[in-house]
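Enquirer: predicted model, plus sequence, below.
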Amino acid sequence: MEQALPRAHFLEKHGAQTTLDAQLERVMTAKIQLQEKSKDTLMEEESANQKYLAQLPDTSATGTN
């Protein structure tokens, strides 16, 4: 595609002038970072839920729900 644009300039790290390979790498890196952030967020939420549940009184011995 780059070769199809005769007077185009594709230079690294300059927005629309990046190569297609560089743009793909940026997208893939961003996806990985989002996935890792999502995992971290889920782990934090699970930890917070466990802490909350640990603070609740134990009602299993009394038979109340």
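Expert: Alright, I've got the coordinates. Everything quoted here is computed from the prediction, not taken from an experiment.
Enquirer: where does pLDDT dip in this protein?
Expert: Under the criterion pLDDT under 70, the flagged ranges of the chain are 1-17, 61-65.
Enquirer: switch the cut-off to 90
Expert: Within the chain, the set of residues satisfying pLDDT under 90 comprises 1-43, 52-54, 56-65.
Enquirer: that one: helices as residue ranges?
Expert: 20-55 (DSSP state H).
Enquirer: next, count neighbours for E44.
Expert: A count of nearby residues for E44, using other CB atoms under 10 Å, gives 10. Glycine gets a C-beta too; all of them are placed from N, C-alpha and C.
Enquirer: same deal with Q23?
Expert: Using other CB under 10 Å, Q23 has 13 other residues around it.
Enquirer: and the gap between it and A30?
Expert: Q23 sits 11 Å away from A30, taking CB to CB, to the nearest Å as the criterion.
Enquirer: please apply the same query to P57.
Expert: As judged by CB to CB, P57 and A30 stand 45 Å apart.
Enquirer: between the two, which has more neighbouring residues?
Expert: A30 (10 against 7).
Enquirer: what number of residues lie near E45?
Expert: E45 is flanked by 10 other residues according to other CB under 10 Å.
Enquirer: an error on my part: the question was meant for K51.
Expert: Each residue near K51 was counted by other CB under 10 Å, and the total is 9.
Enquirer: tell me who's in contact with it.
Expert: Counting by CB atoms under 8 Å, 6 or more residues apart in numbering, K51 makes contact with nothing.
Enquirer: for it, give its distance to E44.
Expert: Look at K51 and E44: by CB to CB, they are 11 Å apart.
Enquirer: list the buried residues for stretch 50-59?
Expert: Neighbour counts using 16 or more other CB atoms under 10 Å place no residue of stretch 50-59 among the buried ones.
Enquirer: now the end-to-end length of that stretch.
Expert: Between the opening and closing residues of stretch 50-59 lies a distance of 16 Å (CA to CA, to the nearest Å).
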